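Asker: Any chance you could fold what I've pasted below:
(one chain, ligands or ions: 2)
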Amino acid sequence: MTVVALVLAGGIGSRMGRPKQFLDLLGKPVLLHTLQAFQRAPEVARIYAVGDARRIELLAEEHAIDKYVGCAAPGESRSHSTRNGLDLMRSEREGTVALIHDGCRCLVTPELIGRVAGATGDGADGVIPALPVSDTIKVASGESVEKTLDRSLLRAVQTPQAFRMGLLRQIFSSSEEFLASATDDASLVEKSGGEVRIVLGERTNIKLTSPEDLVLAEAILLARNRKGHHARRAAL
Ligand SMILES: Nc1ccn([C@@H]2O[C@H](COP(=O)(O)OP(=O)(O)OP(=O)(O)O)[C@@H](O)[C@H]2O)c(=O)n1
Ligand SMILES: C[C@](O)(CO)[C@H](O)COP(=O)(O)O
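Answerer: Residues are numbered from 1 along each chain as shown. Ligands and ions are numbered 1, 2, ... in the order given. I've put the predicted structure just below:
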């Protein structure tokens with residue numbers, strides 16, 4: 001089974017107050033952290049991206065991301081960017097598995113990428129990482145609470161999300177309106193009647209959305225670096 005990655009980095013970062021894909025995170029652009037995780041994941045054969053082609057190509061070249069193939073232009077919404085990415089991936093076979101990932105989930109690990117890729121052979125139409133939610137979630141109408149949802153049924157969904165190229169091509173040829181209705185790729189598969197399976201996500205696989213997330217991401221990376229440092233010393 002061939003597995004390829006599609007990294008979406010074409011957003012404008014309105015909640016962050018600036019585009020976030022090239023912000024510095026502990027000395028490296030956010031997107032480089034992401035690309036390096038896919039470069040290190042042995043399951044991934046090729047990496048495609050969506051975003052600023054010139055800057056992403058340079059990043060890949062300067063940092064030996066040799067799985068990098070090319071970059072498509074951003075679309076109006078996340079789903080439109082996915083569609084543009086799929087157009088670029090036209091030489092991939094129908095049976096190839098595409099891992100679609102938010103470029104701004106830059107703390108994704110090769111282990112999580114492997115877990116998602118590894119679950120794709122089990123017969124479902126899609127595989128997504130997710131976590132049980134730890135807050136109580138309520139449905140609100142303005143400032144009034146309408147109801148409280150049963151938390152045991154809820155999952156917070158992450159990326160990468162895995163699907164076969166053939167299915168993605170079918171679904172992403174749907175109307176503009178249908179594409180615009182989704183905040184992730186799996187929901188389009190669900191709405192089309194497909195079965196989507198869940199594997200365990202990672203608490204540290206956060207999405208950089210607002211400025212506070214940068215502080216959290218930096219703390220996670222520092223903790224990882226410290227752990228790596230101790231492991232290297234122990235191995236001596
Ligand atoms: N038209 C878009 C919108 C989003 N994305 C990408 O999809 C991921 C998740 O989107 P989000 O966190 O919403 O990023 P932004 O769209 O940049 O942020 P905002 O919604 O706050 O404007 C990001 O890596 C973003 O770059 C994209 O490629 N094309
Ligand atoms: C795809 C996603 O990261 C899953 O949690 C999320 O839906 C992206 O949402 P956003 O509105 O583009 O931030």
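
Asker: how about the closest residue to ligand 1 within the chain, what does it touch?
Answerer: At 2.1 Å from ligand 1, G11 is the closest residue in the chain, using Cβ to the nearest ligand atom. Every C-beta, even on glycine, is put in place using the N, C-alpha and C of the backbone. Residues near G11 by Cβ atoms under 8 Å, 6 or more residues apart in numbering: P19, K20, Q21, P74, R78, S81, C104.

Asker: close enough to count as contact, the fifth one and T183?
Answerer: In other words, R78. Yes - with contact defined as Cβ atoms under 8 Å, R78 counts as touching T183 (7.0 Å).

Asker: Between those two, which is the more surrounded one?
Answerer: Higher neighbour count among R78 and T183: R78, with 21 against 10, using other Cβ atoms under 10 Å.

Asker: and the nearest residue to G103 once chain neighbours are set aside, how many neighbours does it have?
Answerer: Leaving aside its chain neighbours, G103 sits nearest to A9 (3.2 Å; criterion: Cβ to Cβ, 6 or more residues apart in numbering). A9: 28 surrounding residues under other Cβ under 10 Å.

Asker: got a list of what A9 touches?
Answerer: Going by Cβ under 8 Å, 6+ apart, A9 touches Q21, L31, T34, A49, V50, G51, D52, I56, G103, C104.

Asker: Repeat the analysis, applying 10 Å as the threshold.
Answerer: 19-22, 29-31, 34-35, 49-52, 55-56, 59, 71, 74, 81, 101-104, 106 (Cβ atoms under 10 Å, 6 or more residues apart in numbering).

Asker: now R155: how far from V133?
Answerer: Distance of R155 to V133, computed by Cβ to Cβ, to the nearest Å: 7 Å.

Asker: Could you give the bridge partners of the residue nearest to the spatial centre of the chain?
Answerer: Taking Cα atoms, centre = their mean, the centroid of the chain lies closest to H101, which sits 2.2 Å from it. Assessed by DSSP bridges, H101 has beta-bridge partners V7.
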